[in-house]
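Novice: Turn this into a structure:
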Amino acid sequence: AGCGLVAGQAVRDAAVRLMRAPVPRGAPAREIEGRLRLRAGVCEVWGLDSIGLLEAQDAGRALVIGSHGALHGGRADSALGVEARVAVFNDAGIGIDGVGVTRLPVLASRGMPAATVACASARIGDARSMWATGVLSCVNDPARGAGAKVGESVQAFVARFG
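Specialist: Numbering: from 1, shown residues only. Got it, this is the predicted structure:
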(Lines give C-alpha, C1' and ligand atoms only; values in the text may rest on other atoms or scores of the structure.)
Protein backbone atom coordinates (compact mmCIF):
# COMPACT_ATOMS: atom_id res chain seq x y z
CA ALA A 1 0.00 0.00 0.00
CA GLY A 2 2.89 2.32 0.77
CA CYS A 3 4.04 1.93 -2.84
CA GLY A 4 0.62 2.76 -4.27
CA LEU A 5 -0.68 -0.76 -4.80
CA VAL A 6 -4.40 -1.43 -4.38
CA ALA A 7 -6.59 -4.52 -4.55
CA GLY A 8 -7.82 -5.17 -8.09
CA GLN A 9 -4.94 -3.28 -9.70
CA ALA A 10 -3.46 -4.72 -12.89
CA VAL A 11 -0.34 -6.79 -12.21
CA ARG A 12 1.60 -4.81 -14.83
CA ASP A 13 0.82 -1.51 -13.07
CA ALA A 14 1.69 -2.99 -9.68
CA ALA A 15 5.01 -4.29 -11.00
CA VAL A 16 5.93 -0.88 -12.42
CA ARG A 17 5.13 0.81 -9.09
CA LEU A 18 7.21 -1.75 -7.18
CA MET A 19 10.15 -1.30 -9.56
CA ARG A 20 10.05 2.46 -8.92
CA ALA A 21 9.73 2.10 -5.14
CA PRO A 22 12.70 2.90 -2.92
CA VAL A 23 14.89 -0.04 -1.95
CA PRO A 24 14.09 -1.17 1.60
CA ARG A 25 16.80 -0.48 4.19
CA GLY A 26 17.61 -2.38 7.35
CA ALA A 27 17.08 -5.96 8.35
CA PRO A 28 13.64 -7.56 8.27
CA ALA A 29 12.02 -8.27 11.61
CA ARG A 30 13.32 -11.46 13.17
CA GLU A 31 10.70 -14.18 13.29
CA ILE A 32 10.64 -15.97 16.61
CA GLU A 33 9.67 -19.62 16.85
CA GLY A 34 7.17 -20.34 19.52
CA ARG A 35 5.32 -22.95 21.49
CA LEU A 36 1.81 -22.49 22.81
CA ARG A 37 -1.05 -24.43 24.30
CA LEU A 38 -3.67 -24.75 21.57
CA ARG A 39 -6.25 -26.53 23.73
CA ALA A 40 -6.52 -27.23 27.44
CA GLY A 41 -8.23 -30.23 28.95
CA VAL A 42 -7.51 -33.83 29.82
CA CYS A 43 -5.40 -34.12 26.69
CA GLU A 44 -3.56 -30.86 26.24
CA VAL A 45 -2.76 -29.90 22.67
CA TRP A 46 0.50 -28.04 22.23
CA GLY A 47 1.71 -26.29 19.11
CA LEU A 48 5.45 -26.15 18.46
CA ASP A 49 6.69 -24.20 15.47
CA SER A 50 9.77 -26.45 15.39
CA ILE A 51 10.66 -29.88 16.73
CA GLY A 52 13.65 -28.11 18.29
CA LEU A 53 11.20 -26.68 20.86
CA LEU A 54 10.24 -30.14 22.14
CA GLU A 55 10.48 -30.53 25.94
CA ALA A 56 10.33 -33.58 28.22
CA GLN A 57 6.97 -32.41 29.62
CA ASP A 58 5.46 -32.82 26.12
CA ALA A 59 5.22 -36.58 26.76
CA GLY A 60 1.56 -37.63 26.77
CA ARG A 61 0.39 -34.49 24.99
CA ALA A 62 -1.07 -34.08 21.53
CA LEU A 63 1.59 -32.23 19.55
CA VAL A 64 1.13 -30.12 16.43
CA ILE A 65 4.65 -29.53 15.19
CA GLY A 66 5.47 -27.16 12.34
CA SER A 67 8.57 -29.10 11.32
CA HIS A 68 8.60 -31.37 8.28
CA GLY A 69 7.71 -35.02 8.68
CA ALA A 70 11.11 -36.27 7.47
CA LEU A 71 13.58 -38.13 9.65
CA HIS A 72 16.81 -36.17 10.14
CA GLY A 73 19.49 -37.94 8.14
CA GLY A 74 17.17 -40.93 7.84
CA ARG A 75 17.77 -41.73 11.53
CA ALA A 76 14.86 -43.39 13.32
CA ASP A 77 15.97 -41.86 16.63
CA SER A 78 15.13 -38.41 15.23
CA ALA A 79 11.42 -39.20 14.80
CA LEU A 80 10.25 -37.69 18.11
CA GLY A 81 12.08 -37.42 21.42
CA VAL A 82 9.03 -38.05 23.64
CA GLU A 83 6.10 -40.45 23.75
CA ALA A 84 3.30 -38.16 22.66
CA ARG A 85 -0.37 -39.13 22.65
CA VAL A 86 -0.51 -38.09 18.99
CA ALA A 87 1.75 -36.06 16.71
CA VAL A 88 1.21 -33.99 13.58
CA PHE A 89 3.91 -32.65 11.25
CA ASN A 90 3.97 -30.75 7.95
CA ASP A 91 4.60 -32.88 4.85
CA ALA A 92 6.71 -30.11 3.23
CA GLY A 93 5.51 -31.32 -0.16
CA ILE A 94 6.35 -34.96 0.65
CA GLY A 95 9.35 -34.95 -1.69
CA ILE A 96 11.15 -37.64 -3.62
CA ASP A 97 10.66 -41.19 -2.35
CA GLY A 98 8.20 -39.89 0.26
CA VAL A 99 10.96 -38.48 2.45
CA GLY A 100 8.64 -35.80 3.89
CA VAL A 101 6.57 -38.41 5.75
CA THR A 102 9.29 -40.81 6.93
CA ARG A 103 8.63 -40.08 10.62
CA LEU A 104 5.19 -41.70 10.37
CA PRO A 105 6.17 -45.39 10.07
CA VAL A 106 8.83 -45.00 12.79
CA LEU A 107 6.23 -43.53 15.15
CA ALA A 108 3.82 -46.31 14.12
CA SER A 109 6.41 -48.89 15.20
CA ARG A 110 6.27 -47.22 18.64
CA GLY A 111 2.46 -47.42 18.63
CA MET A 112 2.08 -43.66 18.29
CA PRO A 113 -0.65 -42.23 16.04
CA ALA A 114 0.81 -39.58 13.74
CA ALA A 115 -0.03 -37.66 10.60
CA THR A 116 1.22 -34.98 8.28
CA VAL A 117 -0.64 -32.00 6.89
CA ALA A 118 -0.48 -30.96 3.27
CA CYS A 119 1.93 -28.04 2.93
CA ALA A 120 -0.61 -26.32 0.67
CA SER A 121 -3.09 -26.25 3.58
CA ALA A 122 -0.83 -24.79 6.30
CA ARG A 123 2.48 -22.98 6.58
CA ILE A 124 5.52 -25.06 7.46
CA GLY A 125 7.09 -23.91 10.72
CA ASP A 126 3.80 -22.47 11.97
CA ALA A 127 1.82 -24.59 14.45
CA ARG A 128 -1.00 -22.02 14.59
CA SER A 129 -1.49 -22.27 10.84
CA MET A 130 -1.50 -26.07 11.00
CA TRP A 131 -4.10 -26.02 13.80
CA ALA A 132 -6.31 -23.47 12.04
CA THR A 133 -6.27 -24.72 8.44
CA GLY A 134 -4.22 -27.93 8.26
CA VAL A 135 -5.63 -30.82 6.23
CA LEU A 136 -4.14 -34.30 6.63
CA SER A 137 -2.11 -35.64 3.73
CA CYS A 138 -0.86 -38.90 5.31
CA VAL A 139 -1.70 -40.94 8.40
CA ASN A 140 0.18 -43.86 9.93
CA ASP A 141 -1.34 -47.22 10.88
CA PRO A 142 -2.19 -46.43 14.53
CA ALA A 143 -3.95 -43.24 13.36
CA ARG A 144 -5.76 -45.12 10.60
CA GLY A 145 -6.83 -47.74 13.15
CA ALA A 146 -8.49 -44.97 15.18
CA GLY A 147 -10.46 -43.90 12.10
CA ALA A 148 -8.25 -41.04 10.90
CA LYS A 149 -8.43 -40.28 7.19
CA VAL A 150 -6.51 -38.24 4.68
CA GLY A 151 -8.44 -35.03 4.04
CA GLU A 152 -9.69 -34.41 7.57
CA SER A 153 -8.69 -31.36 9.58
CA VAL A 154 -5.94 -31.38 12.19
CA GLN A 155 -8.46 -30.44 14.87
CA ALA A 156 -10.76 -33.35 13.97
CA PHE A 157 -7.78 -35.71 13.90
CA VAL A 158 -6.49 -34.63 17.31
CA ALA A 159 -10.02 -34.83 18.78
CA ARG A 160 -10.01 -38.60 18.07
CA PHE A 161 -7.34 -39.02 20.74
CA GLY A 162 -8.84 -37.03 23.59
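Novice: Measure how far the longest strand out of those in the chain is from the centre of its chain, please.
Specialist: Identified as the longest strand of the chain according to DSSP state E is strand 62-68. How far strand 62-68 lies from its chain's middle: 5 Å, per Cα atoms, centre = their mean, to the nearest Å.
Novice: who does that strand pair up with?
Specialist: strand 45-48 (parallel), strand 86-90 (parallel) (DSSP bridges).
Novice: What residues does residue 91 make contact with?
Specialist: By Cβ atoms under 8 Å, 6 or more residues apart in numbering, residue 91 lies in contact with 68, 69, 100, 101, 116, 117, 118, 119, 137, 138. Glycine gets a C-beta too; all of them are placed from N, C-alpha and C.
Novice: I'd say the second one and residue 107 touch.
Specialist: No. Taking Cβ atoms under 8 Å as the contact criterion, residue 69 and residue 107 are not neighbours in contact, 9.5 Å apart.
Novice: Neighbour count: these two, which is higher?
Specialist: residue 69 (29 against 25; other Cβ atoms under 10 Å).
Novice: Could you measure from that one over to residue 22?
Specialist: Going from residue 69 to residue 22 by Cβ to Cβ, to the nearest Å gives 41 Å.
Novice: next one: residue 139
Specialist: Taken as Cβ to Cβ, the span from residue 139 to residue 22 is 49 Å.
Novice: show me the contacts for residue 161.
Specialist: Contacts of residue 161 (Cβ under 8 Å, 6+ apart): 43, 62, 85, 86, 113, 146.
Novice: Redo the strands paired with strand 62-68 as JSON lines? Include distance to residue 8, mean neighbour count and mean pLDDT.
Specialist: Supplementary listing: these in JSON lines, determined by distance: least, Cβ to Cβ, whole Å; neighbours: other Cβ atoms under 10 Å; pLDDT from 0 to 100:
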{"stretch": "strand 45-48", "distance to residue 8": "35", "mean neighbour count": "24", "mean pLDDT": "96"}
{"stretch": "strand 86-90", "distance to residue 8": "32", "mean neighbour count": "28", "mean pLDDT": "98"}
